[in-house]
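Chemist: Sequence first, predicted coordinates after that:
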Amino acid sequence: MQLVFVGRNYVEHAKEMGNDVPKEPLLFLKPPSSIIREGENIVLHPVSSHIELEGEIGLVLGSRLSKGSEADAVAALSHIVAINDVSARDLQKNDGQWARAKGLDTFCPLGVPAPAPADLSQLTVVSTLNGVERQRGRATDMVFSIPMLLSYISQYITLEAGDIVATGTPAGVTRLSPGDVVTIEVFGPDGLLSRVSNPVVAGT
């Protein structure tokens, strides 16, 4: 399984991080070893002193997509999944590239996938920390749309069935502390599609 992530795909998030919106989608990868599921612990690894949540709309491929058009991309998409792109901000800043900052064990909580709705523009991601809403982002707020992202990625990386693409996080990223509980939910036009909720613990 490939995990392809998109950075700075919401204008307000780019601003809160002090960055410009990229002219083309900004891509990075996470290793499958970073995946955890509902109820499993997000570990605050001691290699970082500043770790934040990032709720995202995830896309699950149902068929192979290589150098596809936007129409091809929509046809290849099968499911939607809630994703938390947990990020070590200090490592991200120090390293320049993001493999270490975003690829640590437990840094990719994934919900249960749900069939993708026909209207992808109606998707919304909501992040809560200890029951308090921190993020809310709509697909219509994205700099690069879902069909465009999938098509763009497929020009460089062949996506196979089961691969996951994360579409970027909205403004409101928040620092995590031991004892927190983070919940990411993705809603479609008819209600909740996918969620993942995880406690946060200190690492050793």
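Modeler: Nice, thanks for sending it over. Numbering: from 1, shown residues only.
Chemist: May I ask which helix or strand of the protein has the lowest mean pLDDT?
Modeler: Least confident helix or strand, the chain: helix 11-16 with a mean of 75, by mean pLDDT, DSSP states H and E.
Chemist: which other residues reach that one?
Modeler: Residues from elsewhere that reach helix 11-16, judged by C-beta atoms under 8 Å, 6 or more residues apart in numbering: 8, 20-21, 137, 141, 143, 168-173. (Each C-beta comes from the backbone N, C-alpha and C, glycine too.)
Chemist: Mind putting those residues into JSON lines with pLDDT, neighbour count and secondary structure?
Modeler: Listed next are the contacts of helix 11-16 as JSON lines, based on pLDDT from 0 to 100; neighbours: other C-beta atoms under 10 Å; DSSP: H, G, I helix; E, B strand; the rest coil:
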{"residue": "Arg8", "pLDDT": "92", "neighbour count": "19", "secondary structure": "coil"}
{"residue": "Asp20", "pLDDT": "79", "neighbour count": "9", "secondary structure": "coil"}
{"residue": "Val21", "pLDDT": "79", "neighbour count": "14", "secondary structure": "coil"}
{"residue": "Gly137", "pLDDT": "97", "neighbour count": "25", "secondary structure": "strand"}
{"residue": "Asp141", "pLDDT": "95", "neighbour count": "17", "secondary structure": "helix"}
{"residue": "Val143", "pLDDT": "96", "neighbour count": "19", "secondary structure": "coil"}
{"residue": "Gly168", "pLDDT": "97", "neighbour count": "25", "secondary structure": "coil"}
{"residue": "Thr169", "pLDDT": "96", "neighbour count": "30", "secondary structure": "coil"}
{"residue": "Pro170", "pLDDT": "96", "neighbour count": "26", "secondary structure": "coil"}
{"residue": "Ala171", "pLDDT": "95", "neighbour count": "17", "secondary structure": "coil"}
{"residue": "Gly172", "pLDDT": "96", "neighbour count": "21", "secondary structure": "coil"}
{"residue": "Val173", "pLDDT": "95", "neighbour count": "19", "secondary structure": "coil"}
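Chemist: Out of these, which is nearest to Thr128?
Modeler: Of all the contacts of helix 11-16, Gly172 has the smallest distance to Thr128: 10.3 Å, by C-beta to C-beta.
Chemist: Distance of Gly172 relative to Val181?
Modeler: Separation of Gly172 from Val181 (C-beta to C-beta, to the nearest Å): 16 Å.
Chemist: so how far is stretch 6-21 from its chain's centroid?
Modeler: Using C-alpha atoms, centre = their mean, to the nearest Å, the mean C-alpha position of stretch 6-21 is found 14 Å from that of the whole chain.
Chemist: Keeping just the C-alphas, turn that stretch into PDB.
Modeler: Presented in PDB, the C-alpha positions along stretch 6-21 are these (Å, rounded to 0.1, in the frame of the first residue of the first chain):
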ATOM      1  CA  VAL A   6      -0.600  16.500  -0.300                       C
ATOM      2  CA  GLY A   7       0.800  19.500   1.500                       C
ATOM      3  CA  ARG A   8      -0.600  23.100   1.800                       C
ATOM      4  CA  ASN A   9      -3.800  22.400  -0.100                       C
ATOM      5  CA  TYR A  10      -5.900  24.900   1.900                       C
ATOM      6  CA  VAL A  11      -5.000  28.600   1.700                       C
ATOM      7  CA  GLU A  12      -5.600  29.300   5.400                       C
ATOM      8  CA  HIS A  13      -3.500  26.400   6.600                       C
ATOM      9  CA  ALA A  14      -0.600  27.600   4.300                       C
ATOM     10  CA  LYS A  15      -0.900  31.000   5.900                       C
ATOM     11  CA  GLU A  16      -1.000  29.700   9.500                       C
ATOM     12  CA  MET A  17       2.300  27.900   8.800                       C
ATOM     13  CA  GLY A  18       3.900  31.000   7.200                       C
ATOM     14  CA  ASN A  19       4.000  29.400   3.700                       C
ATOM     15  CA  ASP A  20       2.800  30.400   0.300                       C
ATOM     16  CA  VAL A  21       0.300  28.100  -1.600                       C
END
